[in-house]
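Q: could you work out the structure for the sequence below:
(2 chains)
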Amino acid sequence: MRSYLWYLARRFGQFVLVVFVGINIVFFVTHATPIDPVEQAISSATQFGQSDPRAVEIMRKALRELYGLDGSIWQQYLTFWRRLATGDFGPSLSAFPTSVSTLIGQALPWTAGLLSTSTLVAWCVGNFMGGLAGYYRKNRLLKGLGIVATGLQPIPSYIMSLVVLILFGYLWPILPISGGVEMNIHPGFTFSFLGSVAAHSLLPVLSLALITIGAWFVGMRSLVSNIVAEDYVVYAELAGVDRHKILTSYVMRNALAPQLTGLALSLGGIFNGAIITEVVFGYPGLGTLLVRGVNSGDYSLVLGIASISIIAVATAVFAIDLLYPLLDPRVKVR
Amino acid sequence: MLKVLRDLFRHNREFAAGSILVLIVLGIVVASFFSPYPPLDSYVVPPDIPPSWDHLLGTNSRGQDVFWQVAVAMRNSLLFGISVALISRVIALVIGLVSGYVGGMVDRVLMSINDTFVVIPLFPILTLFYFMMHDHMSWVVLAVAMASLGWPYDARLIRSIALSLRNREFTTQSIFSGMSTRQILMEEHLPYVLPIVFSTTLNNINWSIGLEVTLSVIGLTNIETPTIGTMIYWANQHTAMVAGIWWWVLAPVATVIMMFIGLFLLSVSMNEFIDPRTRLARMGA
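A: Purely as a prediction, here's the structure:
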């Protein structure tokens, strides 16, 4: 039990480090670049017509305060952390006076849903098929699947979403290709609402899952084909243990632990893929919001989403770390 | 060397398929130097012509020949990918070799930083970066930014090899013969990790081209430089798919997919070639 707590403490330390380093990168990017977001906002606001210089000065002061750019660099740094801790990124300029945290709060469930569904499906399917392919290496069908998986894996999410969009949006239009839910449907736990949400999520989930299934498939196949050569598996086979039992509880079970670590390590990349896919399908999550923020010059919104993304991914990785001892009991006794 | 390549080509189907795909793309890239039109000029050919013998991949709504556009775009994208991969290789090698060889506290600190960089989602950060830079965003700036974020996976891989090299006899002997740490890393350990570094370079080129395409398509890079990403961006701006000018989108997408799969297959076969166990298994021993 003590070693389990020690494990938890170390993983929590890693979580804190990820948030700390990530937020520092965000601070560095916003403060070391040559462009002042305040001047940028002012120049776009005063682009048309004459402006009273006094009004501009008041606006500049208000924006500096709003963006937390007052005072020395240390004061700004502390303000930055304080805002993050209270979740207060100020109002969004493009959707004034809605606050940035409200906007992010509305978008986050969509991204979380898309990300968790596609990751769960891809991880389970990919690992199961990959395990089979590593164990039954002579099987023609599994070999063919292996070639497809190898081909799918290196394709970036944007290209994959685009291909899926063209296939199911133009060539064989059977599924909705844009938005998160049909217009004019009242949200609630009704059959039509949930059905519409599910239908709209199918294509984004499909394009995300196709890539990651390939990655898990290939990884699991090579893990399993290494484990199959281990002495204990050969012994179990010679002792006449049922082959299905060997595969599921002797081989795959041992290969799942590194695959779960792999999931934790690649979650940042999967998250990137998810928000890009959202942009392609106009899915109402963080990705679409982020691009909207960039296009409308909304500094607080972009800053807020970048910070929240880091915290969200770090939290999800920590949650996966909590699951790890279930698969690898050595963590508890060591 | 040539014999090895020939054997690989014969016995390793991934290597054969990968090198054919990469050679096709390289051929297109080399062809870009013989482009009959300046790559940035528009309205040099009649717009919106479907693929034909005069214009192999058709022409786009900006009056450019799609084939020559793809050629120049692929050249820029590839160059971008290679620069990012080379810069990030230096970081990955330094971190990986030092961490594996020195070990102890240094190793633990470097690896937790490493794992931190693995986890941090890059896309929002790069978007924020573009947001702050806007017109100052150039090809070189983006390459450096991506390279300084794209090293951690491979640093861990290099470390795992360096870790096993540390306990080999020749390392002990080098220490006793008075070589400095820098010398041991550069002269003794570096040659051992180079093959795996080469294979990760191919993957890293893929990764950076993919990210560049993504950022460009959304309009988060300098959209005046022709790359595969900016080409799709302009096609989207002219609503090419809706207007039925599918070749404008299909050509860059197909070319870049060939590149991705080709480089990936090469790196997979390279890994297998480096690992003697899988090489034997493949030959049926």
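Q: please name the nearest non-neighbouring residue to the closest residue to chain A within chain B.
A: Using Cβ to the nearest Cβ, the single residue of chain B nearest to chain A is B:G210, 3.1 Å away. The C-beta positions use only the backbone N, C-alpha and C, and glycine is treated the same way. Counting by Cβ to Cβ, 6 or more residues apart in numbering or on different chains, B:G210 lies nearest to A:P156, which is 3.1 Å off, once chain neighbours are set aside.
Q: that neighbour touches B:T214, doesn't it?
A: Yes. Under the criterion of Cβ atoms under 8 Å, A:P156 makes contact with B:T214 at 6.1 Å.
Q: now do A:P187, the pLDDT please.
A: We have a pLDDT of 69 for A:P187.
Q: same deal with the one 3 residues further on?
A: The predicted local confidence for A:T190 comes out at a pLDDT of 73.
Q: now A:Q50
A: The model's pLDDT for A:Q50 equals 67.
Q: just A:N184 next, same as before
A: At A:N184, pLDDT is 66.
Q: what's the answer for B:T227, then?
A: 88.
Q: do the same with the one 5 residues further on
A: The confidence metric pLDDT takes the value 87 at B:I232.
Q: remind me which helix or strand it belongs to.
A: Using DSSP states H and E, the element containing B:I232 is helix B:228-237.
Q: tell me which residues of that helix come out buried.
A: By neighbour count on 16 or more other Cβ atoms under 10 Å in any protein chain shown, the buried set for helix B:228-237 is B:I228, B:G229, B:T230, B:M231, B:I232, B:Y233, B:W234, B:A235, B:N236.
Q: now for the fourth one: which residues touch it?
A: By Cβ atoms under 8 Å, 6 or more residues apart in numbering or on different chains, the contact set of B:M231 is B:Q69, B:V70, B:A73, B:W248, B:P252.
Q: touching, the last one and B:V70? I think so.
A: Yes. In this structure, B:P252 sits in contact with B:V70. The criterion is Cβ under 8 Å, and the distance is 5.5 Å.
Q: may I ask which of the contacts of B:M231 has the most neighbours?
A: For the contacts of B:M231, the largest neighbour count, defined by other Cβ atoms under 10 Å in any protein chain shown, is 29 neighbours, found at B:A73.
Q: the strand or helix carrying B:E212 vs helix B:228-237, what angle?
A: Using DSSP H and E, B:E212 maps to helix B:190-218. Angle of helix B:190-218 versus helix B:228-237, following axes from the mean of the first three to the mean of the last three Cα atoms, to 10 degrees, is 10 degrees.
Q: helix B:190-218: which residues count as buried?
A: B:192-193, B:196-197, B:199-218.
Q: how far is that helix from where the chain is centred?
A: On the basis of Cα atoms, centre = their mean, to the nearest Å, helix B:190-218 sits 3 Å off its chain's mean C-alpha point.
Q: so what does that helix touch, helix or strand wise?
A: When contacts are defined as 3 or more Cβ pairs under 8 Å, 6 or more residues apart in numbering or on different chains; DSSP states H and E, helix B:190-218 packs onto helix A:157-166, helix A:253-281, helix B:66-102, helix B:122-133, helix B:139-147, helix B:152-166, helix B:228-237, helix B:246-274.
Q: now it: average pLDDT?
A: Average pLDDT, helix B:190-218: 87.
Q: middle-most residue in the chain, spatially?
A: Went with chain A since none was named. A:F271 (1.9 Å; Cα atoms, centre = their mean).
Q: that answer is for a different chain, and I need it for chain B
A: B:I205 (0.5 Å).
Q: which residue packs closest to that one, ignoring adjacent ones?
A: Nearest to B:I205 is B:G81, by Cβ to Cβ, 6+ apart, at 3.9 Å.
Q: again with A:L208
A: Per Cβ to Cβ, 6+ apart, closest to A:L208 is A:S118, 4.0 Å.
Q: surely that neighbour is in contact with A:T212?
A: Yes. The pair A:S118 / A:T212 is scored as a contact, 7.1 Å apart, by Cβ under 8 Å.
Q: got a list of what the residue nearest to the centre of chain A touches?
A: A:L115, A:S309, A:A312, A:V313, B:P121, B:F123.
Q: out of the residues you listed, which is nearest to B:R6?
A: Of all the contacts of A:F271, B:F123 has the smallest distance to B:R6: 41.8 Å, by Cβ to Cβ.
Q: so what's the residue count around the residue lying closest to the closest one once chain neighbours are set aside?
A: For B:F123, ignoring the flanking residues on the chain, the nearest one in space by Cβ to Cβ, 6+ apart is A:N272 at 4.0 Å. A:N272 has 25 neighbours, counted by other Cβ under 10 Å.
Q: A:R253 now?
A: When neighbours are counted by other Cβ under 10 Å, A:R253 comes out with 14.
Q: what sits against it?
A: A:L327.
Q: if we go to 10 Å?
A: A:G131, A:I227, A:L247, A:L327, A:D328 (Cβ atoms under 10 Å, 6 or more residues apart in numbering or on different chains).
Q: just the pLDDT for residue 73.
A: Defaulting to chain A. 79.
Q: my question was about chain B
A: 90.
Q: hang on, it packs against B:V25?
A: No. With contacts counted by Cβ atoms under 10 Å, B:A73 stays clear of B:V25, the gap being 11.5 Å.
Q: name the element B:P50 belongs to?
A: Under the assignment here (DSSP H and E), B:P50 is part of no helix and no strand.
Q: cool, thanks, talk later.
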